[in-house]
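[1] With the sequence up front, the predicted model follows.
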Amino acid sequence: MLVLFETPAGHALFQLLDAGKLKKPDSLRESFSSPDKTRKLVKLKAFKKFEDTAEAVQSATALVEGKLSATMKKFLKKNVAGQDLKESLAVCDAKLGATIKEKLNIACVHDEGVMELMRGLRAQVEELVTAATPAEMRSMAIGLAHSLSRYKLKFSPDKVDTMIVQAIGLLDDLDKELNTYAMRLKEWYGWHFPEMGKIVPDNLMYAKTIQKMGVRTKCKGLDLSDILAEEVEAELKDAAEISMGTEVSEEDVANILMLCEQVVSLSEYRAQLWDYLKNRMNAIAPNLSVMVGELVGARLIAHAGSLMNLAKQPASTVQILGAEKALFRALKAKHDTPKYGLIYHASLVGQAQPKNKGKISRVLAAKCALSIRVDALGESSTATIGIDSRLKVEDRLRQLEGRAPVEAADAAPAARPQPAVVMAADTDKGRGYSVAADSTLAPSGKKKKGAKDEADDDAAAAKKAKKAKKAAKEGEGEKKRKRDGEGGSGGKDGEKKKKKKD
């Protein structure tokens, strides 16, 4: 029997000297306990060294997928298939053995004994293969492992959504930092110009105005039309003249302006990051973006870990994703479980009335689950099922609110054209529809009317029988009373006669 063994340095073919050992896997461990015992069991027949790392990576990836690489195919053709060999070939993977059997017509063996044999060869491969030194073998193993990891990371479709996970995390961190910086800026500059916080509530406009204005005394002679609206600018200039704030030194203003620069730069970077995230979401998950928006979709992907992990979740899990703590708290206390998690921030749920939010979130989660699976496993890079699913959720929302549904022509302006269906009978004039073959039934109205008449007759008969039964019962009671009366009078006459006799 021959043994095909894959090493980091190349392909090796061993000759098994005692095939009976495979029937006793436990005894193989003793045979590979030392190099001398190993040489008595196996002998190196052929070895093909890899020319470079690229060839090694190509062979390793093919082996992982159970495929036959070009290098291995050429090696087996030269050393096994080219000879009139009746022996079988032991392989480490059953899928690889089936491929070799199909392409090269070589009988392959894969069982428990072969796996134990591979373990022993792996332990003694440095002693058996003389084409490469042990140090070279170890360095080739490390280089192949690094190259294979880089190859998988580069070409794995699961790693593409890592950019979305990192971007949404950075966006949340930027929002927290911006809020902290803006609050600190308003509190700091508020000592000098307290009225400005209510006049200019926007953080970015507030920082840009301070950058251009500096101290409030310069506000009157500045043109702020490129930052503020005309009414807000006039109100700000009026408030600057009668402000109750304290005076600040030039050093204080310099530090405040440095903080303004940080707020402005962070705001601009956040806008740039948001555009990047929106483009990535439209490229990776277009249907999910149509259903819940780019921000909520990115949060769902980040919470699940990846788009593929999210696609494996059922609709009920998608609905409460992000509310796990509330769910387990409700299960522990035996209260009502939450109706929505991250999906609550979707625009469709926000449009619904409070009493309908739970129903809409359930419908939306069901459609989102389908859209996610299309994005993760489909081949289209544009929104296909997402547009139709959103229209259905909007129709359900109108139905719950009691509004009239939108016409199909108005609701789906971007509907995909469907192929025309041609019936086989339309192509053949001799196979037209025959009206004579129709069979008609009685109208449903008459049937209903007849059933009603029968029901009325049955009710009248039951009423009549009930009256007759009541009359018969009253007659029997009257007869019984008469009999009881006659019996009582006869008893009194007998007593009177007896008294007379005495």
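    Everything's here; your move.

[2] my guess is Ser69 contacts Ala54, does it?
    No - counting by CB atoms under 8 Å, Ser69 sits too far from Ala54 to count as a contact (11.8 Å). Where you see a C-beta, it was placed from the backbone N, CA and C, and this is true even at glycine.

[3] who touches stretch 333-350?
    Contact with stretch 333-350 is made by 291-293, 295-296, 299-300, 303, 318-324, 326-327, 329-331, 357-358, 360-362, 364-365, 368, 390, 393-394, 397, as judged by CB atoms under 8 Å, 6 or more residues apart in numbering.

[4] cool, stretch 37-55 as well?
    Counting by CB under 8 Å, 6+ apart, the neighbours of stretch 37-55 from elsewhere in the structure are 2-3, 9-18, 21, 28, 30-32, 56, 59, 71, 75, 78-79, 120-121, 124, 127-132, 140, 143-144, 147.

[5] ok, Lys367 - contacts?
    Applying CB under 8 Å, 6+ apart to Lys367 gives the contacts Met291, Ser389, Arg390, Lys392, Val393.

[6] wait, the first one sits on Ser389?
    Yes - under the criterion of CB under 8 Å, Met291 makes contact with Ser389 at 6.2 Å.

[7] what about the two, which has more around it?
    Neighbour comparison, Met291 and Ser389: the larger count goes to Met291, with 29 against 22 (by other CB atoms under 10 Å).

[8] ok, the more buried one - contacts?
    Residues touching Met291, when contacts are defined by CB under 8 Å, 6+ apart, comprise Gly297, Ala346, Leu348, Leu364, Lys367, Cys368, Ser371, Gly386, Ser389, Arg390, Val393.

[9] What mean pLDDT does the helix or strand encompassing it get?
    In the assignment (DSSP states H and E), Met291 maps to helix 286-292. Confidence over helix 286-292 (mean pLDDT, whole number) is 94.

[10] export that helix as CSV, just CAs?
    What follows is helix 286-292 as a C-alpha-only set of coordinates in CSV (Å, rounded to 0.1, in the frame of the first residue of the first chain):
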residue,chain,number,x,y,z
PRO,A,286,-28.4,47.1,-0.2
ASN,A,287,-31.6,45.3,0.7
LEU,A,288,-31.1,45.7,4.4
SER,A,289,-30.3,49.4,3.8
VAL,A,290,-33.6,49.9,2.0
MET,A,291,-35.5,48.3,4.8
VAL,A,292,-34.1,49.9,7.9
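
[11] related to what we said a few turns ago, just checking, which of the contacts of stretch 333-350 belong to helices?
    Taking DSSP state H as the definition of helices, these contribute 291-292, 295-296, 299-300, 303, 318-319, 324, 326-327, 329-331, 357-358, 360-362, 364-365, 368, 390, 393-394, 397.

[12] Show me the shaky parts of this structure.
    Per-residue confidence of the chain (counting by pLDDT under 70) places the weak regions at 82-86, 151-159, 407-459, 477-480, 482-502.

[13] ok so, going back, write the ChimeraX selection for whichever of the contacts of stretch 333-350 are buried.
    Paste this into ChimeraX to select the buried members of these, with burial taken from 16 or more other CB atoms under 10 Å:
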select :291,292,293,295,296,299,300,303,318,319,320,321,322,323,357,360,361,362,364,365,368,390,393,394,397
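
[14] where does Leu13 land in three-state SS?
    Under DSSP: H, G, I helix; E, B strand; the rest coil, Leu13 falls in the strand class.

[15] Now for Tyr181: which residues touch it?
    Counting by CB under 8 Å, 6+ apart, Tyr181 makes contact with Leu259, Gln262, Val263, Leu266.

[16] Are any of those buried, and if so which?
    Under a neighbour-count criterion of 16+ other CB under 10 Å, the subset of the contacts of Tyr181 counted as buried comprises Leu259, Val263, Leu266.

[17] what's the distance between the first one and Arg184?
    Spelled out, that is Leu259. Distance check for Leu259 against Arg184: by CB to CB, to the nearest Å, it reads 7 Å.

[18] What segments of the stretch 1-150 of the chain are strands?
    2-6, 10-16, 42-49, 89-90, 108-109 (DSSP state E, counting those that start in this stretch).

[19] and the longest one, which residues are buried?
    With burial defined by 16+ other CB under 10 Å, the residues of strand 42-49 counted as buried are Val42, Leu44, Phe47, Lys48, Lys49.

[20] Specify the angle between it and strand 2-6 in degrees.
    Between strand 42-49 and strand 2-6, the angle formed by their directions is 40 degrees, by axes from the mean of the first three to the mean of the last three CA atoms, to 10 degrees.

[21] Put the alpha carbons of strand 42-49 into PDB.
    Provided in PDB are the C-alpha atoms of strand 42-49 (Å, rounded to 0.1, in the frame of the first residue of the first chain):
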ATOM      1  CA  VAL A  42       7.400   2.900   6.000                       C
ATOM      2  CA  LYS A  43       9.900   3.800   3.300                       C
ATOM      3  CA  LEU A  44      10.000   7.000   1.300                       C
ATOM      4  CA  LYS A  45       9.300   6.300  -2.400                       C
ATOM      5  CA  ALA A  46       9.100   9.800  -4.000                       C
ATOM      6  CA  PHE A  47       9.200  13.400  -2.900                       C
ATOM      7  CA  LYS A  48       8.300  16.600  -4.900                       C
ATOM      8  CA  LYS A  49       9.500  19.800  -3.300                       C
END
